[in-house]
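Q: Whatever this is, show me its structure:
(one chain, ligands or ions: 2)
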Amino acid sequence: MIVKADVETSYAVLVADTMNEDGLLPLIKNENIEVVQGKPNEVDDLSRFSALLVRSATQVDASLLEQMPELKIVARAGVGIDNIDLDAATKHGVIVINAPDGNTISTTEHTFAMMMALVRNIPQAYSSLKNHEWNRKAFQGTELRGKTLGIIGLGRIGTELANRAAAFQMNTAVFDPFLTAERAQKIGVKLLKLEELLQTADIITVHTPLTKETEDLLGKENLAKTKPGVFILNCARGGIVNEAALKEALDSGHVAGAALDVFEHEPADNYNLIDMPQVIATPHIAASTLEAQESVAVQVAEEVIQVLNGAPAPHSINLPAISEELYEKIRPYYELTSTMGYFVSQCVKSAVQHIDVSFSGAIAHEETTVLSRSFMAGFLSPRIAAPVNVVNAGVIAEERGITYSQAHTSESYGYANLVEAHISGDNGDFIVQGTYIDAYGPRIIKINEFNVDLIPTGHLIYIRHSDQPGVIGKMGQLLGRHDVNIAKMQVGRKEEGGEAIMMLAVDKEVSDSVINDLTAVEEIHAADAIEFHK
Ligand SMILES: NC(=O)c1ccc[n+]([C@@H]2O[C@H](COP(=O)([O-])OP(=O)(O)OC[C@H]3O[C@@H](n4cnc5c(N)ncnc54)[C@H](O)[C@@H]3O)[C@@H](O)[C@H]2O)c1
Ligand SMILES: O=C(O)[C@H](O)COP(=O)(O)O
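A: Ligands and ions are numbered 1, 2, ... in the order given. This is a model prediction of the structure:
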């Protein structure tokens, strides 16, 4: 179904899973955006989409990403991103975002509802009465008050659940290896080792992501360590509780009952488990409330627009998250760092092993990870065919054996802000410094030991030569013969008669034959044509 089309648009956005249409209004109302709704395999031309919006149903894998070369962002309207191949997205330079808290309360409330329904046999009693039976004895339940709720994973949902459990006078025990004792104390829960939680909890509920560590966390071995008569809940991700092991533990009576909203395979087909009378189950609907769906849709719709407009994504999974406020502060340095990287890459033609980018002055007080990545993206882009951006720069550098680091220093040599990059490669070290001047924009101010004042735009010839009389004249004549007009010229030297550099801003792209003729001049040691992308 096409929500809005046939308009002059700059971007096409594909909404691949069912989403709240009110929540999508920011996208639908945006005149520069065409919103198309449909499964990727039902859409004619995937190559034109700049953004892809999904929930948990659509698999965003490498082959789908390959069919979408224009894609800038995959937005998950929800929390779990296990249906998205994050590595493949990162390699393709595609930002992945989610809406991490829009459905927290709905999922918490659903988990709590499942827990109450489970211990009081509500679904079973309901079915029985609907079958016109009046069986009061069969459905005796258990009180929650005084019972120990074992929460595995005390993140957003786990924490909200703990708050609600307290209101029900439950004791809450938690296993979460990333949770500090102080935070556990503040929330009012008892932080335990996994073994201890398994041995003491009357009800165990999992609220972790599905990772290598959490897959089968409640498998045969750990289920055997739980208290006889324990209740198990999984409203997080299928696979955290092993379904075969759970079935066995329910068959034996060791586990009294289970409540499941998520399954190893979805749509769920494990009816051996689902059909058991001690199992209550819902079809992955914990986040399916009007409020949650509107909230996650609005969150991703607004962030997609931001990203398409060139702003960073605060909820990016594969980029350091930066707020809009920080973005405004560091925006000028994006251009500076990427331009510096692009410049250096053309100066240092050899293989490079390590790049260190250091920041001083005002910028040193900010989060600069995105800026060092922007330097790397600028550095890599003249060297490789595929598009490089701040998302994939780290991965691409690693693939090419280039390590990089960043530092914040206090020495800004009187500049309001200063970026220095130190490049170590096969041809030795290369150092470049740059600054951003509010009234003028980016400037390159030092190349190795030479002070310069270079406006990084247009076409440039970078010459290393002996500081001798007549070199400039020879070079001027040579460029004249090639019809290359010099717009600006800067020279720098350490000492009279020593090594010197010359920077010539010229009016057109410099051909190889110009460079060859320049390097044939006796006093010229090296010459490079440099192009700035802006
Ligand atoms: N059923 C649904 O519709 C639904 C809706 C929303 C979220 N979810 C799922 O619920 C889960 C939790 O969501 P959240 O928003 O609370 O996430 P969160 O990131 O806020 O919390 C996850 C917690 O798990 C902990 N954790 C990570 N690895 C762990 C491990 N090995 N052992 C123990 N703890 C570990 C983390 O420290 C963190 O505190 C996710 O899997 C999410 O996909 C499901
Ligand atoms: O991770 C989530 O946000 C939940 O599992 C919800 O998934 P859904 O958007 O497919 O309902």
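
Q: So in terms of bridging, what pairs with the nearest residue to Ile524 once chain neighbours are set aside?
A: Of all residues not flanking Ile524 in the chain, His465 sits nearest, at 4.7 Å (Cβ to Cβ, 6 or more residues apart in numbering). For every residue, glycine as well, the C-beta is placed using N, CA and C. Note on His465: beta-bridge partners Ala500, Ile524, judged by DSSP bridges.

Q: surely His465 meets Glu523?
A: Yes - shown here, His465 and Glu523 form a contact pair, counting by Cβ atoms under 8 Å, at 5.1 Å.

Q: show me what contacts the residue of the stretch 51-200 of the chain found nearest ligand 2?
A: Residue nearest to ligand 2 within the stretch 51-200 of the chain (Cβ to the nearest ligand atom): Gly78, separated by 2.7 Å. Gly78 makes contacts with 55-56, 98-99, 102-103, 287, 296, as judged by Cβ atoms under 8 Å, 6 or more residues apart in numbering.

Q: try 6 Å
A: 55, 103, 287, 296 (Cβ atoms under 6 Å, 6 or more residues apart in numbering).

Q: next one: Val471
A: By Cβ under 6 Å, 6+ apart, the neighbours of Val471 are 465, 523.

Q: Tell me the buried residues in stretch 31-48?
A: Going by neighbour count (16 or more other Cβ atoms under 10 Å), the buried part of stretch 31-48 is 33-37, 40, 43, 46, 48.

Q: again, but for stretch 363-377
A: 363-364, 366, 368, 370-377.

Q: can you list those in TSV and add pLDDT?
A: Shown next, in TSV, are those (pLDDT from 0 to 100):
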residue	pLDDT
Ile363	89
Ala364	91
Glu366	86
Thr368	92
Val370	90
Leu371	94
Ser372	95
Arg373	93
Ser374	94
Phe375	96
Met376	96
Ala377	93
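
Q: Go through these and name the one nearest ligand 2.
A: Val370 (26.0 Å).

Q: What distance do you get for the closest one to Ala362?
A: 16 Å (Cβ to Cβ, to the nearest Å).

Q: Likewise for Asn389?
A: On the measure of Cβ to Cβ, Asn389 and Ala362 end up 25 Å apart.

Q: Phi, psi for Lys190 please.
A: Backbone torsions of Lys190, given as degrees, to the nearest 10, read phi -100, psi 120.

Q: ugh, typo on my part, it should be Ser252
A: Taking degrees, to the nearest 10 as the convention, Ser252 sits at phi -80, psi -20.

Q: can I assume Gly239 is in contact with His265?
A: No - using Cβ atoms under 6 Å, Gly239 makes no contact with His265, being 9.3 Å away.

Q: For His365, what are phi and psi?
A: Taking degrees, to the nearest 10 as the convention, His365 sits at phi -90, psi 0.

Q: Which residue is the nearest non-sequential neighbour of the closest residue to ligand 1 within the stretch 51-200 of the chain?
A: Here the stretch 51-200 of the chain gets closest to ligand 1 at one residue, Gly155, 1.7 Å apart by Cβ to the nearest ligand atom. Take Gly155 and drop its neighbours on the chain: the residue closest to it by Cβ to Cβ, 6+ apart is His207, 6.3 Å away.

Q: For that neighbour, which residues are in contact?
A: Counting by Cβ under 6 Å, 6+ apart, His207 touches 153, 157-158, 236.

Q: what about Glu367, which SS state?
A: coil (DSSP: H, G, I helix; E, B strand; the rest coil).

Q: between His465 and Glu523, which one's more packed in?
A: Taking other Cβ atoms under 10 Å, His465 and Glu523 do not tie; His465 has more neighbours (23 against 16).

Q: Could you verify my assumption that the more buried one touches Ala526?
A: No - shown here, His465 and Ala526 do not form a contact pair, counting by Cβ under 6 Å, at 8.4 Å.

Q: roughly how far apart are Leu86 and Val94?
A: Leu86 is 10 Å from Val94, by Cβ to Cβ.

Q: more neighbours, those two?
A: Val94 (23 against 15).

Q: How about that one: what's its closest non-neighbour residue?
A: Leu71 is the one closest to Val94 (Cβ to Cβ, 6+ apart), at 5.1 Å.

Q: The one you found and Ala377: what is the separation?
A: Distance from Leu71 to Ala377, by Cβ to Cβ: 17 Å.

Q: Name the SS class of Ala301, please.
A: Reduced to three states by three-state DSSP, Ala301 is helix.

Q: er, Asp87 I mean
A: Assignment for Asp87 (three-state DSSP): helix.

Q: rewinding a little: pop out the phi and psi values for the residue nearest to Val94.
A: According to degrees, to the nearest 10, Leu71 has phi -60, psi 130.

Q: what number of residues lie near it?
A: Leu71, neighbours per other Cβ under 10 Å, totals 24.

Q: So it is in contact with Val96, correct?
A: No - contact between Leu71 and Val96 fails when scored by Cβ under 6 Å: they sit 10.5 Å apart.

Q: With adjacent residues omitted, what lies nearest to the residue nearest in space to the middle of the chain?
A: Centroid-nearest residue in the chain: Asn318, 2.0 Å away (criterion: Cα atoms, centre = their mean). Distances taken as Cβ to Cβ, 6+ apart put Thr90 closest to Asn318, at 4.6 Å, once the chain neighbours are dropped.

Q: go on, Ala397?
A: Nearest non-adjacent residue to Ala397, counting by Cβ to Cβ, 6+ apart: Met376, 5.4 Å away.

Q: tell me the contacts of the one you found?
A: Met376 neighbours (Cβ under 6 Å, 6+ apart): 393, 397, 404.

Q: go on, Ser513?
A: Taking Cβ under 6 Å, 6+ apart as the definition, Ser513 has no contacts.

Q: Output the strand or helix carrying it as CSV - backbone C-alpha positions only.
A: Following DSSP states H and E, one finds Ser513 within helix 512-520. The C-alpha trace of helix 512-520 is given here as CSV (Å, rounded to 0.1, in the frame of the first residue of the first chain):
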residue,chain,number,x,y,z
ASP,A,512,49.7,13.4,-14.1
SER,A,513,51.8,15.0,-16.7
VAL,A,514,52.1,18.2,-14.7
ILE,A,515,53.1,16.3,-11.6
ASN,A,516,55.6,14.2,-13.7
ASP,A,517,57.2,17.4,-15.1
LEU,A,518,57.3,19.0,-11.7
THR,A,519,59.1,16.1,-10.1
ALA,A,520,61.6,16.1,-12.9
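
Q: please begin residue numbering at 58 from this point
A: Sure, I'll start counting at 58 from here, so that last one is helix 569-577.

Q: And the residue of the stretch 208-357 of the chain closest to ligand 2?
A: Nearest to ligand 2, among the residues of the stretch 208-357 of the chain, is Ala344, at 3.8 Å (Cβ to the nearest ligand atom).

Q: For the stretch 258-407 of the chain, what lies in contact range of ligand 1?
A: Within the stretch 258-407 of the chain, the positions lying close to ligand 1 (Cβ under 6 Å from any ligand atom) are 264-266, 268, 270-271, 292-294, 318-319, 341, 343-344.

Q: What of the chain?
A: Residues of the chain lying close to ligand 1 (Cβ under 6 Å from any ligand atom) are 136-137, 157, 160-161, 164, 209-215, 232-235, 264-266, 268, 270-271, 292-294, 318-319, 341, 343-344.

Q: Please repeat the previous calculation with a cut-off of 5 Å.
A: 136-137, 160, 164, 210, 212-214, 233, 235, 264-266, 270-271, 292-294, 318, 343-344 (Cβ under 5 Å from any ligand atom).
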